[in-house]
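Visitor: Sharing a model prediction with you, sequence too.
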Amino acid sequence: MKRFFSGKLWFEGVRRLRLMGFLTLGLCSVEALLVPLVYYVSGYGPYSDETVSGLSAHPAVLFVFLVAAPVMTLITFSFLNKRRRADFYHALPFTRLSTFVSLFASVLTWLFGTVVVSSLISAGTNAALGQWELVAPVFRMMPGVFAASFLMCAGVALGMSVTGTLFSNISVSALILYLPGFFAAIFNAALSSEVTVLAPGHYPLSFIGRLNLLVAYSPLRVFALMEGEFAPSLETPGAWAYTAALAAVYAVLAAVAFCRRKSETAERPAPSGIINAIYRTAVTMFICIPICALIFTDLENEIHTSAVFYVILYTVALTAWILWDLITSKSWKKVLKALSGLFVVIGLNVLLVLSLIAAKNAILAYEPAPADVSSVTMISDSSRDDTDMAAYARGKVGHGVVTDRRSVEILTDALSETVRSERDGTAPRSDYQGGRGDTYSYVTAKFSSPFGVRVRRFRIASGDLGRVVYESEDDAAPFSVILPRANFVSVTEVHEYTDGDRIYKAAREELKEADPKAWYEFTDGYASNNTPGSNIEMRISLPSGSGSGEIRVPLSTKFTPRAIGEIIAEIKNDDTADAGWLSKVAGDASSGKGEKLPWCCYNCYLCDPETGLYSCFFISQSEIPPLTDEDFRTDEIVPGDSFMQFEGFDPETGESKKITVALTDEGIEKFKTATEVNEK
């Protein structure tokens, strides 16, 4: 007998799945061809492999693990729902373990093969069309798709091994795969709504939402309530490992349940009445969990919600209880007999509400003394509540380990003040102006003490945080400026020309190496900058769930010269003439040899030599000063140069031409004068 694996049984499983397998393969392959073509024909698509997700290049992989995986598993192990077919399979000259492993492997063969083939088609098509930024993300997400498919198959196989009807197969499999994540999501959402010191991404049970790919890509998407921007992607290595490890555990449990399963379980919802009661209770609690969270928030906020509202909600839960019993037993007598089990549900509801209250009290009980804290690690936090760049910068100076005792005391006192205001119910929910004019911000930090490590989000005055950043005596503190991942980036004033994602990538890399103290000072001053004109800055759309929808980051030659250089290069790509042409026509006009040119000015970009900030001015045609060849240079523009965008007509051909040139000191003064007149 084959003890662990049978090639013949594996091949039979592959053969039985050929219809669904080829359908999935065909669908994914066609999509892998069409999506690249759509991007190519429309001329619209992602620009950088850093900001492109694999799903944007090959979205059909969602179908593989959300639809094909459960359907194929249900088809493969459907014999377990029929007593005669189950007896037939068990009578084959294979051990039960060999039967399970061989059939389970046949499902994975189709799924993994489909992912590999369709991904190669997607990557090859994009490469052939020159869309290289869409190639790497496809391969980066393949391990995640494999892990998610493996987990889906293992969960459904486990559900089928402990049930005996199609209805109970699907219901119990869904409970196994999603109930833990659903519970964690609601539990954390309820806590975070009442406890502001909980840091996003560091909630209790947050690893379920951060690392379980099936939870993250649940069709309900309710789990996004828990983690927001911290939800994992198919390209997250930690999520691959966790999801695959969980899948392996489920697969082992499914194999054990399969081997010990009695044939009598076929055509029955559960192996026994006790196990069926567990299923019924779990289904009911799926509805009761959010009700308990509402009760908790009402108790904490002393809100008196109408009793009728809760009666309606619990009526829905009771209906689910009755329907489960009615569908599985088909007997009203058994339904009425099972109602005594509702006392277990009531007890679980009370226990859940008490657990939420206890969890809140435990979180707010952490108020360490400065002497007990050995170090504080600043953590970059993208969950901002405003779009002010100075406040944003205060929260973004992160990943520095603070050991200086004075700085540790400042941070610990700020945490204690936040905890006390939380207990009193006076904690504000966002950044705000204090009564003395101080600006307060929420920042996130990790506190290390002999009692353990805790991550907390707390409120601190900008002056106090500035002292931590500026005055720490620990010169080795590795503070850094870390900008978040962005959904969309535009560059103000020049967005119609520039590739925002590429410029943002350059700026992120440059700011990682910037002096955080200088950056802090620069952005603090930028908020009150009164320079005429509009400064060039990036407008960054943050992922959903990150607090604010948009932040603004200034670009300057002092901190981001490479990003400025990218902008200049993009602008000059739009030119249709060279500086020599402009010098000739300008010289002709100024000497009276040519007709007065109807100059049209796009923008005038004047660079402040101290800050490196570019101010952009719009000047009407009538306000443009007389132009001579002494007002501009013909050499290459580099970051730090002030420059001008023109459009003019060639006197000889009458053709419209565009040109971007660097201004000389004389030209800068002319346009400054024109701007001052315009401002007045």
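Guide: Happy to help now that I have it.
Visitor: from here on, contacts and neighbour counts on C-alpha atoms
Guide: OK.
Visitor: What segments of the stretch 551-680 of the chain are strands?
Guide: Counting by DSSP state E, counting those that start in this stretch, the stretch 551-680 of the chain has strands at residues 600-607, 614-617, 632-633, 643-649, 656-663.
Visitor: buried set for the last one?
Guide: Counting neighbours by 16 or more other C-alpha atoms under 10 Å, one finds that the buried residues in strand 656-663 are 657-663.
Visitor: Give me the contact list for stretch 268-284.
Guide: With contact meaning C-alpha atoms under 8 Å, 6 or more residues apart in numbering, stretch 268-284 is reached by 81, 162-165, 167-168, 172, 175, 262, 264-265, 317-318, 320-321, 324-325, 328, 341, 344-345.
Visitor: change it to 6 Å
Guide: The contact list for stretch 268-284, computed with C-alpha atoms under 6 Å, 6 or more residues apart in numbering, reads 163-165, 168, 265, 317, 321, 328.
Visitor: Same question for stretch 24-43.
Guide: 45, 60, 114, 118, 121-122, 126.
Visitor: Nearest to R502 among those?
Guide: G45 (13.0 Å; C-alpha to C-alpha).
Visitor: Mean neighbour count, the strands of the stretch 551-680 of the chain: which tops it?
Guide: strand 614-617 (a mean of 23; mean count of other C-alpha atoms under 10 Å).
Visitor: ok, back up a step: looking at the buried residues of strand 656-663, which one is closest to I571?
Guide: Distances from I571 to the buried residues of strand 656-663, taken by C-alpha to C-alpha, are shortest for T660, at 7.6 Å.
Visitor: what about that closest one, distance to D574?
Guide: According to C-alpha to C-alpha, to the nearest Å, T660 stands 9 Å off from D574.
Visitor: quick one: which two of the contacts of stretch 24-43 are the most distant?
Guide: Across the contacts of stretch 24-43, the longest distance by C-alpha to C-alpha is 24.7 Å; it joins G45 and T114.
Visitor: Compare neighbour counts for these two and give me the winner.
Guide: T114 (22 against 16; other C-alpha atoms under 10 Å).
Visitor: SS state for that one?
Guide: Judged by DSSP: H, G, I helix; E, B strand; the rest coil, the three-state class of T114 is helix.
Visitor: shift numbering so it begins at 156
Guide: Fine by me, first position is 156 from now on; the one you just mentioned is T269.
Visitor: Apart from its neighbours in sequence, what residue is nearest it?
Guide: With sequence-adjacent residues excluded and distances taken as C-alpha to C-alpha, 6 or more residues apart in numbering, T269 is closest to L180, at 5.1 Å.
Visitor: thinking again about what came up before, please name whichever of the strands of the stretch 706-835 of the chain is nearest to I341.
Guide: strand 769-772 (47.2 Å).
Visitor: strand partners of the closest one, parallel vs antiparallel please.
Guide: Within its sheet, strand 769-772 is paired with strand 689-690 (antiparallel), strand 755-762 (antiparallel), according to DSSP bridges.
Visitor: Output these in TSV; the columns should cover mean pLDDT and distance to P355.
Guide: Output for those, formatted as TSV (pLDDT from 0 to 100; distance: least, C-alpha to C-alpha, whole Å):
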stretch	mean pLDDT	distance to P355
strand 689-690	76	32
strand 755-762	74	39
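Visitor: how about those, which one is nearest V350?
Guide: Among those, strand 689-690 sits nearest to V350 (C-alpha to C-alpha), with 38.5 Å.
Visitor: So which of the contacts of stretch 179-198 wins on neighbours?
Guide: Within the contacts of stretch 179-198, neighbour counts (other C-alpha under 10 Å) peak at S277, which reaches 28 neighbours.
Visitor: just checking, next helix/strand downstream of the helix or strand of the chain with the lowest mean pLDDT?
Guide: Lowest mean confidence among the helices and strands of the chain (mean pLDDT, DSSP states H and E): helix 379-382, at a mean of 42. Going down the chain from helix 379-382, the next helix or strand is helix 392-415, by DSSP states H and E.
Visitor: got the contact list for that next one?
Guide: Residues outside helix 392-415 that contact it (C-alpha under 6 Å, 6+ apart): 251, 299, 302, 305-306, 309-310, 312-313, 316, 366-367.
Visitor: what comes up buried for that helix?
Guide: 392-399, 401-403, 405-406, 408-414.
Visitor: For T789, grab phi and psi.
Guide: phi -100, psi 0 (degrees, to the nearest 10).
Visitor: how many neighbours does it have?
Guide: Using other C-alpha under 10 Å, T789 has 16 neighbouring residues.
Visitor: re earlier: centre of the chain to the helix or strand in which the residue nearest to T269 is found, how far?
Guide: L180 is part of helix 173-197 when elements are defined by DSSP H and E. Counting by C-alpha atoms, centre = their mean, to the nearest Å, helix 173-197 is centred 26 Å from the centre of its parent chain.
Visitor: And E692, how far from A718?
Guide: 11 Å.
Visitor: Neighbour count: those two, which is higher?
Guide: Per other C-alpha under 10 Å, whichever of E692 and A718 has more neighbours is A718, with 24 against 20.
Visitor: Doesn't S596 belong to a strand?
Guide: Yes: under three-state DSSP, S596 falls within a strand.
Visitor: what sits opposite it in the beta ladder?
Guide: Here S596 shows beta-bridge partners I615, assigned using DSSP bridges.
Visitor: what's the farthest-apart pair in the contacts of helix 392-415?
Guide: Distance extremes for these: the farthest pair is R251 and L366 at 32.3 Å, using C-alpha to C-alpha.
Visitor: which residue ranges form the helices in the stretch 356-505 of the chain?
Guide: Per DSSP state H, counting those that start in this stretch, the stretch 356-505 of the chain carries helices over the ranges 361-366, 368-371, 379-382, 392-415, 428-456, 462-484, 487-492, 497-519.
Visitor: residues making contact with the last one?
Guide: The reference is to helix 497-519. 447, 451.
Visitor: Report the angle between it and helix 462-484.
Guide: 130 degrees (axes from the mean of the first three to the mean of the last three C-alpha atoms, to 10 degrees).
Visitor: Can you name the next helix or strand after helix 497-519?
Guide: Next helix or strand after helix 497-519 toward the C-terminus (DSSP H and E): strand 530-534.
Visitor: mind listing what that next one pairs with, with the direction of each?
Guide: strand 556-557 (antiparallel), strand 594-604 (antiparallel).
Visitor: Adding distance to A291 and mean pLDDT, write these out as CSV.
Guide: Conversion of the strands paired with strand 530-534 to CSV gives the following (distance: least, C-alpha to C-alpha, whole Å; pLDDT from 0 to 100):
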stretch, distance to A291, mean pLDDT
strand 556-557, 34, 78
strand 594-604, 33, 81
